[in-house]
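Chemist: Would you be able to build a 3D model of this:
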Amino acid sequence: MRQSAYVSRLTSFGQPLDPARLRSHGTGVAYTTTGGIMSPIPVENALMSTRPIEKTLAAPERLDLESRTAFRRAAGEVLDLLAEGAGRLVIDLSGTRSVDSAGLGALMLIQRKAAERRQTVCLRGANEELRFLLVLTKLDDLFELETGVS
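Modeler: Residues are numbered from 1 along each chain as shown. A predicted model of the protein is given here:
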């Protein structure tokens, strides 16, 4: 079972709980079996989403032909962890000094995958050169743009 299938905040005897094993008996309390032991869990916690809404990924110092494949793969893995239909990937570009055409292509493909999953991509801390390239290539409308870092 994939890691995202586990409710990370809920534990029973220090072990993550598998949401498929949670049971509610109409009492406002869910139960899970752990080695034959029934452990009560408040239903409001049991019904929490197991996927986060926002994740931040730091871009490499040079987003170019050499780094694009690894960066796209990492971004794809982060998008898979986000809630479909509501997730937001923030790409922190504050440490990125240069982006070439391959890097722009990688950003575009990341955005395309996010759009297929009804997620958004935010570019945070992009330098003036990258912002200019995004406008020049008409890619600026595909992304949310934020200044600075947080």
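
Chemist: Show me the strands in this structure, by range?
Modeler: With DSSP state E, the ranges of strands along the chain come out as 7-12, 15-17, 23-24, 29-34, 37-42, 54-58, 62-63, 88-92, 98-99, 120-124, 144-146.

Chemist: how is the protein carved up into domains?
Modeler: 3-46, 54-146 (automatic domain parsing).

Chemist: what's the least confident stretch among those domains?
Modeler: Ranked by mean pLDDT, these bottom out at domain 3-46, with a mean of 41.

Chemist: and residue 89, what is it in contact with?
Modeler: Residues near residue 89 by Cβ atoms under 8 Å, 6 or more residues apart in numbering: 54-57, 75, 78-79, 82, 110, 114, 119-122. Using the backbone N, CA and C atoms, a C-beta is placed for each residue, glycine as well.

Chemist: Roughly how far does residue 113 sit from residue 76?
Modeler: Applying Cβ to Cβ, to the nearest Å, the value for residue 113 to residue 76 is 6 Å.

Chemist: Residue 124 too?
Modeler: From residue 124 across to residue 76, the span is 19 Å (Cβ to Cβ).

Chemist: So between the two, which is more surrounded?
Modeler: Using other Cβ atoms under 10 Å as the criterion, residue 124 and residue 76 rank with residue 124 on top: 20 against 14.

Chemist: Identify the spatial nearest neighbour of the more buried one, chain neighbours not counted.
Modeler: Among residues not flanking residue 124 along the chain, residue 146 sits closest, at 4.3 Å (Cβ to Cβ, 6 or more residues apart in numbering).
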